[in-house]
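Student: I would like the atomic coordinates for the input below:
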Amino acid sequence: MTAANGTKRGLRGLRGPHHAGHTIALDHLGALSLPVGDDGVVIGDDGDGRPQMVGFHRSTPYDVLLIGGLWTAQVLALRAAATGARVAVET
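Tutor: Next up is the predicted model:
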């Protein structure tokens, strides 16, 4: 990235976990599914590999406190916004 004065700057923000890209054979695509429901936002999985959800959709506004890193906050906020939640971040 180059600033207006011509000096180079590094990228800002944290990059998430690094891993090789995922590939799947074309004949296996039919077996894939996306767990979408009104149960909440997927925040991870448990020891048995089952998705864990947090219900952010309520009839009244409320506060959520996240103790974690920037990457986790960004992912959680974007996942909540993708399900239609209104997100306001305070630091």
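
Student: residue boundaries of the helices in this protein?
Tutor: Assignment of helices within the chain using DSSP state H yields the ranges 70-82.

Student: Show me the shaky parts of it.
Tutor: Low-confidence segments of the chain, defined by pLDDT under 70: 1-21, 33-39.

Student: Run a quick neighbour tally on residue 80.
Tutor: Taking other Cβ atoms under 10 Å as the neighbour definition, residue 80 ends up with a count of 19. Placement of C-beta: from N, CA and C, glycine included.

Student: Residue 44 versus that one, what's the distance?
Tutor: Between residue 80 and residue 44 the distance, using Cβ to Cβ, to the nearest Å, works out to 14 Å.

Student: all strands for this structure, in order.
Tutor: Under the criterion DSSP state E, strands of the chain are mapped to 41-45, 51-54.

Student: any chance of those in a markdown table, plus distance to residue 90 and mean neighbour count?
Tutor: What follows is the strands of the chain, written out as a markdown table (distance: least, Cβ to Cβ, whole Å; neighbours: other Cβ atoms under 10 Å):
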| stretch | distance to residue 90 | mean neighbour count |
| --- | --- | --- |
| strand 41-45 | 19 | 15 |
| strand 51-54 | 19 | 13 |
